[in-house]
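Undergrad: Provided below are the primary sequence and the corresponding predicted coordinates.
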Amino acid sequence: MKEKGISTVLLAVIPVIIVVAVVVPVVVIVAVGGGGAGGIPVYSGASELTSQTQGNTTSTMYDLGTANLADVYNWYKTEMPKQGWAVTDASTSYAYVLNCTKGNDSATITIVAGTLQGYSANRLLEISYTAGTPSETPGGGQPC
């Protein structure tokens with residue numbers, strides 16, 4: 001029986017380690033979808049336009065491309081509760097709006113066609129996340 005040297009074993013093991021260390025995390029990220037501020041999921045296919053943080057609030061604007069606005073709205077209305085968020089519909093005649101709370105954190109998800117906050121695109125998504133909403137917020141940290 002012929003013995004294998006340490007270099008032969010290392011050559012066999014190193015590629016496996018590389019695959020596990022690099023490929024597995026990438027697959028998990030792709031399968032779960034990108035996460036925005038506060039771990040809020042980002043709709044598949046959305047392209048980030050800009051992100052700003054002021055104090056404990058981060059607002060990120062996305063171009064939704066050709067996504068159907070009602071589909072995006074329904075996805076968030078279903079997905080956010082799965083991640084532990086309480087969701088209140090605050091939609092208007094010109095935009096889908098969801099106010100969400102989770103503990104002391106809050107988020108507003110706005111889905112609109114046209115122009116929003118000075119950004120113009122066919123379909124826009126804005127996620128505004130605030131960490132640790134103070135209890136003196138109207139409704140005790142709940143959406144208005």
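TA: Arrived safely.
Undergrad: show me where the protein has its helices.
TA: 6-18, 24-32, 69-82 (DSSP state H).
Undergrad: pLDDT of the longest one, averaged?
TA: Just to be clear, that refers to helix 69-82. Averaged across helix 69-82, the pLDDT comes to 96.
Undergrad: list the contacts for Y76?
TA: The contact partners of Y76, taken as C-beta atoms under 8 Å, 6 or more residues apart in numbering, are 41, 43, 87, 98, 109, 111. No exception for glycine: its C-beta is placed from N, CA and C like everyone else's.
Undergrad: touching, the fourth one and T92? I think so.
TA: No. Shown here, L98 and T92 do not form a contact pair, counting by C-beta atoms under 8 Å, at 11.9 Å.
Undergrad: these two: which has the busier surroundings?
TA: More crowded of L98 and T92, by other C-beta atoms under 10 Å: L98, with 21 against 9.
Undergrad: partners of that one in the sheet?
TA: L98 forms beta bridges with D89, I109, as assigned by DSSP bridges.
Undergrad: repeat that for Q54.
TA: Under the criterion used (DSSP bridges), Q54 bridges to T57.
Undergrad: ok, it to Y129 distance?
TA: Counting by C-beta to C-beta, to the nearest Å, the separation of Q54 from Y129 is 12 Å.
Undergrad: more crowded one of those two?
TA: Using other C-beta under 10 Å as the criterion, Q54 and Y129 rank with Y129 on top: 21 against 7.
Undergrad: tell me the pLDDT at that one?
TA: 94.
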